[in-house]
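Visitor: fold the following, please.
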Amino acid sequence: MEAAARRDFEQTALPLLDNLYGAAMRLTRDPAEAEDLVQDSMVRAYRFWDTFKQGTNVKAWLFTILRNTFINGYHRRGRRRSFHSDVNAQMRSLGPTVAVGNSTSQPPGPEEAVSSSVTQARIRAALDALPPDYRTAVTLADLEGLSYKEIAEVMDCPIGTVMSRIYRGRKQLHKLLYDHAVEIGMVAPEAGEGAVDLAAYRDRRKKA
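Guide: Have a look, this model is predicted:
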């Protein structure tokens, strides 16, 4: 890869490592495997960066690579790393900025950290309770902000299927998260049967 392309990759793709790690955790449910999955996915992205169409959604492109890498090996028992020794070599070549799952933002205060930790734990538990396809669709829509079309490309299914999965997933999340959502002020108590989705949580996380 030429120096200019490499800089472009580092500036465009590397800032999304935390997003990819979160998605990998929801797929593998294991921190070590999630890190391996992200590393192998980033190596693929690095190798095929010249195929990325500038101006399109790089997050959707990376999530597609992540999902395909998972499908092609990480969900099978007795899996082996896809790239073995060249993975570490290529990831090292990207420099010290590759720190999977570690945020560089300012840490919150003690009270905010406890509150955020409890909320994130409940969110994770609720998402884990969803069927895998619902979980992926809701996560990509409400936490990562992808469009229906982009999610359909990532999940390799029709837009109508994406809409159905998001609707059903949000409905299940409503049942699982409603009481906590009222408690932290994400919805009003009188909302009753109103939907509880993760878009409000995403906005709160950005403001934190």
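Visitor: please spell out which residues along the host helix or strand of Ala32 are buried.
Guide: Per DSSP states H and E: Ala32 is located in helix 31-47. By neighbour count on 16 or more other C-beta atoms under 10 Å, the buried set for helix 31-47 is 33-46. Using the backbone N, CA and C atoms, a C-beta is placed for each residue, glycine as well.
Visitor: so what does that helix touch, helix or strand wise?
Guide: Counting contacts by 3 or more C-beta pairs under 8 Å, 6 or more residues apart in numbering; DSSP states H and E, helix 31-47 packs against helix 17-28, helix 58-69, helix 85-93.
Visitor: tell me what angle it forms with helix 58-69.
Guide: Orientation note: helix 31-47 sits at an angle of 120 degrees relative to helix 58-69 (axes from the mean of the first three to the mean of the last three C-alpha atoms, to 10 degrees).
Visitor: all helices of the chain, in order?
Guide: In the chain, the helices defined using DSSP state H lie at 3-12, 17-28, 31-47, 58-69, 85-93, 110-129, 132-138, 148-155, 159-183, 199-207.
Visitor: would you reformat the ones you listed as CSV and include mean pLDDT?
Guide: Formatted as CSV, the helices of the chain follow (pLDDT from 0 to 100):
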stretch, mean pLDDT
helix 3-12, 88
helix 17-28, 88
helix 31-47, 91
helix 58-69, 92
helix 85-93, 41
helix 110-129, 65
helix 132-138, 90
helix 148-155, 92
helix 159-183, 86
helix 199-207, 58
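Visitor: distance between the ends of stretch 138-148?
Guide: By C-alpha to C-alpha, to the nearest Å, the extent of stretch 138-148 from end to end equals 10 Å.
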